[in-house]
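Chemist: From the sequence below, what's the structure:
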Amino acid sequence: MKVLLVSPYSDKLVGGIINWTKYIVNYQRQSETDIELTLLNNENATQIVGSASFFKRFFTGMSNYLPIVRQFKEMISLERYDVVHISTSASFGLIRDLMIVNAARKKKIKTVSHMHFGRIPQILQSKGWESMLFKRLAKTVDCMAVMDYYSLKTLKDNGYNNVRLVPNPLSTDVQKVIESTGEVVREQRKIVYAGHVLASKGLRELVSACKDISHIKLELLGKVSEDAFREQLYLLGGKDSKEWLSIPGNKSFKEVIAEMKSCAVFVLPSYSEGFPNVILESMACGCPIIATPVGAIPEMLDINGDKPCGICVPKQNVEELRNAISYLLDNPQEAKRLGEDALKRVHEQYAISKVWNQLTDIWKNA
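Modeler: Residues are numbered from 1 along each chain as shown. Have a look, this model is predicted:
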C-alpha cells in the first residue's frame, strides 16, 4: 500500500506536528511493514505571526500553500497512491487541505485528515470562516483522525461518522534518550515546566502559585520569545524570585529529559492543548504530573478512570494549582505512585507500535 503523508518536517525545528511526523517516518523506516510511506513536507516557508492582521496572515498563508499544492498535484500525477494522509493545525491551513483533498478526489485517491489540535468543539460552535472551512473539509474527506475523545464525541454528535481516535505516540527515539540519561535522583522540592515560555501556557499562574510555597525550586524550560515576559515572571515572583525561579531558555532535548527525571513534580498549566508530547515524555520519565484538563490531557492521565496517574486543576486557577503542588510535595509517596502509574500507562496505551497499527488500520479500511 502506498501512502502519501502531507505533514511538516524539519531537522532544525521542533513542535507538536513536526515531532509527530519525525516519529512516524522514522518508525516506518525502521520497521518491517507493507506500507510504502512517501513524505510531502508542508512546513511553512514563512511563519505566520499570530498577532498579524487577518489579511497579512491570509496572504502569507497562500504564498506558503500554493507551491505545496502544486507539488502535490505533480506527485499524484506521476505516481499512484492509495491514500493521502494530511496533517493539519486548522486556521488558514484548512484552505490548503481542501485544495489537496479536492485534487486527490479527482484522481480517486482516498483521503485522511489528521486534526492535530484540540479546538474542534469550539470551531463547530462558532460561525466564522474557520468553522465554514472545517465543516467543508470534514464532509469532503474519507476519514478524519482526532486526538481526544471530546473531539470525537462532538463530531459524531454533529453527524460526522467518518471519525477515528488516534493518540500521539511515545516514540522509540524518546525512549532511547530517556534510557541514555541513566539513573537520576529526584529533588524533593523541584518543579519543572517544559515548553514554549508564553502567557497562554499558564506560566503567570504557575509562578503566582509557587511564590507562596516554601523551599521550592521552579524551572521553566523552553524557548523564550520575549525577554520582557521573562522579566514579568521574575517580577511576579517577588524580590527574591531569582533565588528559586529559573528561566534558562532552550536546552537540548536530553537536558530537558534529565530535568524531568530529577523533578518532584512536572506541571503543564496550559490554557489550550491538543495532545501534548511533553505530557507523554514526562509520563515516560515517571513524573508525578499536574496539568489543566484541556485537549486530550484528561484521557492521557486517565483522570476519570479507576486509577488516575496525575492531577488536573482548572486553568487560570492559582489557588487550586498551588494546593495541588503543595499536596504532592507534602505527600511524596502519593507523588511516587502517580509517577509509577504514569510510566506504566504511557507504555501500555501510547507505544508507537500501537499507534502505528491504528494508522495502518485507518489507511487499509479507507
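Chemist: pLDDT weak spots in the stretch 151-300 of the chain?
Modeler: Residues of the stretch 151-300 of the chain meeting the criterion pLDDT under 70: none.
Chemist: can you rerun that using 90?
Modeler: Low-confidence segments of the stretch 151-300 of the chain, defined by pLDDT under 90, are located at 171-173, 182-184, 225, 274, 295.
Chemist: all strands for it, in order.
Modeler: With strands called from DSSP state E, counting those that start in this stretch, the stretch 151-300 of the chain shows them at 163-165, 190-194, 217-221, 245-249, 265-268, 289-291.
Chemist: could you dump those strands to CSV with mean neighbour count and distance to N64?
Modeler: The C-beta positions use only the backbone N, C-alpha and C, and glycine is treated the same way. Compiled in CSV, the strands of the stretch 151-300 of the chain are given as follows (neighbours: other Cβ atoms under 10 Å; distance: least, Cβ to Cβ, whole Å):
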stretch, mean neighbour count, distance to N64
strand 163-165, 17, 28
strand 190-194, 23, 28
strand 217-221, 21, 30
strand 245-249, 17, 28
strand 265-268, 28, 29
strand 289-291, 27, 32
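Chemist: Export the ones you listed to TSV and append columns for distance to C309.
Modeler: Shown next, in TSV, are the strands of the stretch 151-300 of the chain (distance: least, Cβ to Cβ, whole Å):
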stretch	distance to C309
strand 163-165	19
strand 190-194	17
strand 217-221	22
strand 245-249	27
strand 265-268	12
strand 289-291	7
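Chemist: Let me see the domain layout of the protein.
Modeler: The chain resolves into domains spanning 2-169+351-365, 172-349 when parsed by automatic domain parsing.
Chemist: And L359, how far from G339?
Modeler: With distances defined as Cβ to Cβ, to the nearest Å, the gap from L359 to G339 amounts to 29 Å.
Chemist: for D330, same thing?
Modeler: With the distance defined as Cβ to Cβ, D330 ends up 16 Å from G339.
Chemist: got it, and K217?
Modeler: 18 Å.
Chemist: try D173
Modeler: D173 sits 22 Å away from G339, taking Cβ to Cβ as the criterion.
Chemist: These two: which is more packed in?
Modeler: G339 (25 against 16; other Cβ atoms under 10 Å).
Chemist: how about that one, secondary structure?
Modeler: State at G339, reduced to three classes by DSSP: H, G, I helix; E, B strand; the rest coil: helix.
Chemist: Not counting sequence-adjacent ones, nearest residue to I303?
Modeler: C312 (5.1 Å; Cβ to Cβ, 6 or more residues apart in numbering).
Chemist: ok, that neighbour touching A291?
Modeler: Yes - the criterion here is Cβ atoms under 8 Å, and C312 meets it with A291 at 5.9 Å.
Chemist: residues of the strand or helix carrying K336 that come out buried?
Modeler: Under the criterion DSSP states H and E, the helix or strand holding K336 is helix 332-349. Buried residues in helix 332-349, counting neighbours by 16 or more other Cβ atoms under 10 Å, are found at A335, L338, G339, D341, A342, L343, R345, V346, Q349.
Chemist: what about the third one, distance to K139?
Modeler: Look at G339 and K139: by Cβ to Cβ, they are 44 Å apart.
Chemist: contacting residues around S10?
Modeler: When the contact criterion is Cβ atoms under 8 Å, 6 or more residues apart in numbering, the partners of S10 are I18, N41, E43.
Chemist: And the pLDDT at it?
Modeler: Looking at S10, its pLDDT is 83.
Chemist: how about it, secondary structure?
Modeler: Taken by three-state DSSP, the conformation at S10 corresponds to coil.
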